[in-house]
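Asker: Everything below, folded, please.
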Amino acid sequence: MAGDWIKMRGALLQSPKLIGMSRHLHDSQEFRDWLTPGGSGGMNGQTVSDDALRCVTSALLLRVWSASREFGKFVGDDLRLSHMTLSDLDAMAGAPGVGEAMAAVGWASESDTGNGVTLPNFKQHNVPMSNSEKQSEYRKRKGVTDVGNSGVTDVLPNSGNAKRQNVTTREEKRREEEEGINTGAKPPRPTAIFTPPTLEDVRAYCIERRNSVDPERWHDHYTSNGWMVGKSKMKDWRAAVRTWEKNEFERGPPKASQQYLTAAEKEKAKTLADLKFALESQHEFADRDQQQP
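Answerer: Residues are numbered from 1 along each chain as shown. Take a look at the predicted model:
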């Protein structure tokens, strides 16, 4: 789900806005009381380092951004949280003063009517890339370098002077494959599903072929054996019809099936038999001529 996670920059802790936000929170007595209960006064001198405060601030931002990504609505690149005020962001973060601190650095703004909060440019930094954006980024990296199994960067051919190339690590390639990025492998071909023909389909094809195959006998035969051709499942029923047609021609008109043929079909079968006889006679005469001295 898109709302289950967000993207955060690796250098967020060094962001000037986060540093400014943590300083703003440090100046809030209410926040210091929340951060170190009973220890934020001047009597015992308990303090929190700047690095630790920035880590706490980034964790509070993560809570606000995660909830906003789930329940907010995009308006361009901005994220709109309706019916909310800056103080409501404190409830999202679980700490006081977070909403005011975000507004101080430009990460949040409250509407003039007080019933809505906007997080500017939220889409730019906190939304995962789409599949097309991932593929575009991947192609750019592949266009610069292609790393082999040795992990050594190859120099582009015909590039003149050797230049330093970006290296795609094995971990990055594994992550890209898990995220569904197209790595150039061809997808498997979909397997064609055989659909048995109807008796009318077979009859129409036999008429088109002008053969002597009995459509009903052909259809009954393969229906009874589960549409098997030998030990294999039938893939092309038209090819099976043509095989029967060839066998019928070699055997001549089948006497047992004459009762299924119309007068026109019987005439066609007779013509095929006559043609076969003429061809065989021609070959026989040719053989005799060759044998004569």
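Asker: and this protein, what are its domains?
Answerer: Dividing the chain into domains by automatic domain parsing, as the record does, gives the ranges 2-126, 129-148+168-183, 199-291.
Asker: List the contacts of the closest residue to residue 74 other than its chain neighbours.
Answerer: Using CB to CB, 6 or more residues apart in numbering and skipping residues adjacent in sequence, the residue nearest residue 74 is residue 123, 6.3 Å away. In this view, the C-beta of every residue, glycine as well, is placed from N, C-alpha and C. Residue 123 makes contact with 74, 76, 77, 78, 79, according to CB atoms under 8 Å, 6 or more residues apart in numbering.
Asker: name the element the closest residue to the second one other than its chain neighbours belongs to?
Answerer: Leaving out its chain neighbours, the residue that sits closest to residue 76 by CB to CB, 6+ apart is residue 123, at 7.9 Å. For residue 123, the host element (DSSP states H and E) is helix 122-126.
Asker: residues in contact with stretch 27-38?
Answerer: With CB under 8 Å, 6+ apart, stretch 27-38 has contacts from 25, 26, 40, 46, 48, 53, 56, 95, 96, 97, 100, 101.
Asker: Please pick the buried ones from those residues.
Answerer: For the contacts of stretch 27-38, a neighbour count by 16 or more other CB atoms under 10 Å gives the buried set as 25, 26, 40, 48, 53, 56, 95, 96, 97, 100, 101.
Asker: any chance of those in JSON lines, plus pLDDT and distance to residue 112?
Answerer: Shown next, in JSON lines, are those (pLDDT from 0 to 100; distance: CB to CB, whole Å):
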{"residue": "25", "pLDDT": "91", "distance to residue 112": "25"}
{"residue": "26", "pLDDT": "88", "distance to residue 112": "29"}
{"residue": "40", "pLDDT": "53", "distance to residue 112": "34"}
{"residue": "48", "pLDDT": "79", "distance to residue 112": "36"}
{"residue": "53", "pLDDT": "88", "distance to residue 112": "32"}
{"residue": "56", "pLDDT": "91", "distance to residue 112": "31"}
{"residue": "95", "pLDDT": "92", "distance to residue 112": "26"}
{"residue": "96", "pLDDT": "92", "distance to residue 112": "24"}
{"residue": "97", "pLDDT": "91", "distance to residue 112": "22"}
{"residue": "100", "pLDDT": "92", "distance to residue 112": "17"}
{"residue": "101", "pLDDT": "93", "distance to residue 112": "21"}
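Asker: Tell me which two in the residues you listed are the farthest apart.
Answerer: 48 and 100 (19.0 Å; CB to CB).
Asker: And the helices in this structure?
Answerer: Here the chain has its helices, by DSSP state H, at 16-26, 29-35, 50-71, 86-93, 98-104, 122-126, 131-144, 170-178, 199-209, 215-224, 237-251, 263-291.
Asker: Which among the ones you listed is found nearest to residue 116?
Answerer: Closest among the helices of the chain, using CB to CB: helix 86-93, at 10.2 Å.
Asker: on that earlier part again, what distance do you get for the residue nearest to residue 74 to residue 218?
Answerer: 64 Å (CB to CB, to the nearest Å).
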